[in-house]
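Peer 1: give the three-dimensional model of this entry:
(chains A and B)
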Number of protein chains: 2
Amino acid sequence: MPNGYNSRILRVDLSRRTTSVETPPDNFYRTYIGGRNFVAYYLLKELKGGEDALGPENKLIFAPGVLTGVPASGTGRNSVGAKSPLTGVYGDAEVGGHWGAELRHAGLDAIIVEGQASSPVYLWIRDGQAEIRDARRLWGQTTGECERLIKEELGDRAVRVAQIGIAGENQVRFACIMNDLSHAAGRTGMGAVMGSKNLRAIAVRGHQSVALARPEAVTAFTRWFREDLKTNRGAAWLRDSGTAGMLTGLNAMGGLPTRNFREGVFEGAQKISFDVMKANILVGRRGCYACAVRCKPEVASAGAFKVDPLYGGPEYEALASLGSDCGIDNLEAIAKANELCNAYGLDTISAGATIAFAMECFEQGIITTKETGGLELRFGQAEAMVRMVDMIARKQGIGKVLAEGTAKAAAAFGHGAEEFAMQIKGQELPMHEPRFKQGLGLGYAISPTGADHCHNIHDSAYARRVPPGLTTLGIFDPLPAQELSPAKVRMVHYGILWQYVLNCVGFCQFVPLDPGRMTELIADITGWNISLWELMKAGERSVTMTRAFNVREGRGRSDDYLPRRFFTAFTSGPLKGVAVNQKELEQATEVYYGMMGWDKTGVPAPARLQELGIDWVAKTLGGAKGG
Amino acid sequence: MPNGYNSRILRVDLSRRTTSVETPPDNFYRTYIGGRNFVAYYLLKELKGGEDALGPENKLIFAPGVLTGVPASGTGRNSVGAKSPLTGVYGDAEVGGHWGAELRHAGLDAIIVEGQASSPVYLWIRDGQAEIRDARRLWGQTTGECERLIKEELGDRAVRVAQIGIAGENQVRFACIMNDLSHAAGRTGMGAVMGSKNLRAIAVRGHQSVALARPEAVTAFTRWFREDLKTNRGAAWLRDSGTAGMLTGLNAMGGLPTRNFREGVFEGAQKISFDVMKANILVGRRGCYACAVRCKPEVASAGAFKVDPLYGGPEYEALASLGSDCGIDNLEAIAKANELCNAYGLDTISAGATIAFAMECFEQGIITTKETGGLELRFGQAEAMVRMVDMIARKQGIGKVLAEGTAKAAAAFGHGAEEFAMQIKGQELPMHEPRFKQGLGLGYAISPTGADHCHNIHDSAYARRVPPGLTTLGIFDPLPAQELSPAKVRMVHYGILWQYVLNCVGFCQFVPLDPGRMTELIADITGWNISLWELMKAGERSVTMTRAFNVREGRGRSDDYLPRRFFTAFTSGPLKGVAVNQKELEQATEVYYGMMGWDKTGVPAPARLQELGIDWVAKTLGGAKGG
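Peer 2: Model (predicted):
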């Protein structure tokens, strides 16, 4: 039955320098909903397994969702995915800004980039027309300069640019892709994949609105939503402080990653707090497309660390990874490192976590000034931290080793350095403590992309009261954050499904919108009589397909772990004595597999694939167990 | 978190002659939604397994759902459940009328009947107050006379009565419970359980409305719904002819059960059609509580078979079971047999199917006039058929054997009679051909209540076009009815979940209402921010709990079958050459288990119980495999 709401997919072959547009059959869009699910679908269908993530056979997929670009708060998101050079398995990053919305306004619902250009190029998309253009003069530039040059060349200041920086050009394994200079598709090294393809940027300009089946209903919704956000408590704190506002609270609860996750309390937390930022360096706010919340800081400084407001400012993840996790209480240094990450296209989380790792290795004597080129790479050394960001992006000195990420760097360092690599499946942990949020710790362990917070729940938020949104999913009872019972696994499981849905539809995980209202909005946009049941099933498809991708790569049960540090209790702070119980985590992992319909080795069972209407996935598993 | 919408459960101990009201904790109602799920919950929690279905330790549960009694079409339903004397496992029957709505208006959401009265009693419930009253003078009466006597005794003509007849008193294993004389809670012998408890009737009178969280929204809904039903094609045919209208169409397609399912085409179909009924004996229409459709016939005849309109008239199931399946084309005889079934409290389906079985046994020479007391019990013998209904209800002559149901009767007859017993788990097949609707055939095989159509889908209706309601569940593509592919299993699985939901919320499976609209209605009634995801999960809970009940009774994989007849092809008619492929059915059964998260023996896996938030079920399984 025709659904009248089809997706348009742009396919770009950089080796052959060809572009084409595909319109998948009816109900494809409704089944997969876009975003992360489109990424998973095409990567699973079109890769064979075993590819070199940095070779021409890898594919890089940009995918907004069905909500992206609809004029309402929270709709500025898109996914970017490829096989990850950081983890060797399914890679995916989620990002806000304006670029994804612009792509939808240009009439496209995804871009599949294939092959490898023989020299640097960029892609120019105008209202659905795509052109591959020379980018040699952009190569080596900061992201800011690159964007300026592209807008100048195209003669259109309203063009939106997604691009890599020199980190991506240099194929740093945690290089990111920047939307509009200050929004990063940060995780899993998607910038390195883009760099390996010699693709510096994708510039987009669109003059269409997203097609709406029931425009009046959507208008009524956006009017209601705008009003609701004015008084919604979930939006108020975001509008006030952005995610940066979380830092001092997490510190007070003992859950702020500090000195490479050794501790949960940072004595310098107040100095790097939002209050201090606001008092000293905050010069403005930014938001994503159409969003009334505007949670992104813009900071500037003319002090010791000259900070350019062009690149926005540090949010919570950057404040913690480049700050407390490196033992650094110098806010300007953090802001500078954040600026460099954005100007070079480096993931702030992995950058900070990798530097923290190197600092601990230095303090442990595993590396010395010999390796660091004379740098005293100790916790708290702000200058050294900023310097390391630059060296990593340029792959200079020890930066060349660290540019491989903590897992490979630890292997290179030897001498037990892997004990200090806070990574899962090769990806560095974001700034959320698995001992504090143990459900999130489980989420880290089982995530297809390694330690990742973009499709995970923060169970500390559900310890006293379950927010109304989650009750709609059938979770009624609050549970302590330091617990890994089957009931907690259920909460995590349902929460993850919903996070995946958000990453499929292209909606922000911070902007508060009840799942029921969101379902209505999607129905009004598309004309589908879609239900939350269908959306959650799309989430299950997404989790399952990403798992299948990893199974095809030979990964399984033993890749779902937490670093051993988290099985050791905190020795101080409010969480003194608290650790993750390894046996409980292992049991919870198996319960999670069971809930997902996976076998004990974590392979999706054929009947579950059939139940989700994705039997074709069994074929992609080929000889893999359970396939 | 309080949901402000709690259920009130009346518990009646007939042994001790006590009554009490329980209010389960917050979210109990939202988790289980009422109806069939309340039945499953209490039977699983409060029985231990191994009970005699006709002993005092069995419990009989009456449960309307969250929609029952709300003034809108389709809301006149309630479930009745107990361990079944017909199947020895989970028993449940679904019924319409006014009684369930009256119970809600009396402020109750379920009744749990325990123990056994020492002499006949009936229960009188007035606005939540319950009284156990003497019923000795009601014993042995027709249902019509019993209802008249109760109303007279209580001095209130508006009292609604659910009751057994003499078949229930005599503990015929397929005795039913009648609501308002013409609506039968027909299947699995609930009337025999009620009879075993010496409980003849439950009379109810209520003056309250169902509490509504958002009365204006519900009023707006009912207004819209009334208008929608006027033009809705799904309602039009029901209003025109009721289910009786299906008969000639099924016959034309070759799927009308004929002569004990030997054939799919009945040469006398036209004579027992709705058109003929309308032309000759139809004198009125009845409906359930608040329903605008009014699909129930009222028939009368002063001919050879004097038919009393007090008991309504035959719908499709009765027309086929007492008609074509017995080879009978005498509409008045069928109407008479239907009247007797209602007056005596016999399930028309099992009654007709048991008589058809006996007729085939007679024609095969397995039984003779010696056993029948001289009756020529051949296909097409209308007088004999009507006579048998009477003999079964009274357990006279061969009726005593047949009153045990086809499975036990076949065992008593011996000589290969079991080949002719069209039953699954001991319950006789309803009038839907598994060779014609093969997805429904799978549904029969895996149903916890044996061959049952009340929580099953008719896949023939989805062969050309998927109705919009099912697309909301994520089923988009039509599939041939004669197919048992994994995609078909998925369609059946999701369809069954939705049918269970209908039986939990107390909504008619015939009145057309989109699942999305229904979810909104439930939200407006209860104030819950409930979603279709939650409803479908409640359906999964229901399917899983009923399965667990049967596992506890030692039943498993080998009880999920179809009678061998259906593996043999039709030899004539439009479906000539069509049979169910036994191997395909077995594979489909295992695929279904996998989709439900059951192991290969059909036992729900612990992780699935945890995912559904019903871990407590594992304990009820005790030593059973997988428990």
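
Peer 1: give the buried residues for stretch A:172-189.
Peer 2: With burial defined by 16 or more other CB atoms under 10 Å in any protein chain shown, the residues of stretch A:172-189 counted as buried are A:172-189. Yep, even glycine has a C-beta here, placed from its N, CA and C like the rest.

Peer 1: ditto for stretch A:205-223
Peer 2: Within stretch A:205-223, the residues that count as buried by 16+ other CB under 10 Å are A:205-206, A:210, A:212, A:218, A:221-222.

Peer 1: how about the residues of the stretch 251-400 of chain A by chain B?
Peer 2: By CB under 8 Å from any CB of the partner chain, no part of the stretch 251-400 of chain A sits against chain B.

Peer 1: let me redo that: the stretch 51-200 of chain A
Peer 2: Checking the stretch 51-200 of chain A against chain B by CB under 8 Å from any CB, there are no hits.

Peer 1: can you get me a residue count around the residue in the stretch 51-200 of chain A that chain B sits nearest to?
Peer 2: Using CB to the nearest CB, A:V66 is the residue of the stretch 51-200 of chain A that sits closest to chain B, at 15.3 Å. Neighbours of A:V66 under the rule other CB atoms under 10 Å in any protein chain shown: 30.

Peer 1: residues touching it, list them.
Peer 2: A:29, A:33-34, A:504-506, A:522, A:525-526 (CB atoms under 8 Å, 6 or more residues apart in numbering or on different chains).

Peer 1: and the helices in the stretch 251-400 of chain A?
Peer 2: For the stretch 251-400 of chain A, the helices defined by DSSP state H, counting those that start in this stretch cover A:274-280, A:316-321, A:331-344, A:348-363, A:369-372, A:382-394, A:398-402.

Peer 1: helices or strands up against the first one?
Peer 2: Taking 3 or more CB pairs under 8 Å, 6 or more residues apart in numbering or on different chains; DSSP states H and E as the contact definition, the neighbouring helices and strands of helix A:274-280 are helix A:246-252, helix A:331-344.

Peer 1: need the helix or strand of chain A with the lowest average pLDDT.
Peer 2: Least confident element among the helices and strands of chain A, by mean pLDDT, DSSP states H and E: helix A:468-471 (a mean of 85).

Peer 1: check whether that helix comes near chain B.
Peer 2: Yes - Helix A:468-471 is in contact with chain B by CB under 8 Å from any CB, via A:468, A:471.

Peer 1: okay, buried residues for that helix please.
Peer 2: Residues of helix A:468-471 classed as buried by neighbour count (16+ other CB under 10 Å): A:469-471.

Peer 1: return the distance of the closest residue in space to A:T568 that isn't next to it in sequence relative to A:R262.
Peer 2: Nearest residue to A:T568, sequence neighbours excluded (CB to CB, 6 or more residues apart in numbering or on different chains): A:A579, at 5.6 Å. A:A579 is 13 Å from A:R262, where distance means CB to CB, to the nearest Å.

Peer 1: what about the two, which has more around it?
Peer 2: Neighbours were counted for A:A579 and for A:R262 using other CB under 10 Å; A:R262 has more, 19 against 16.
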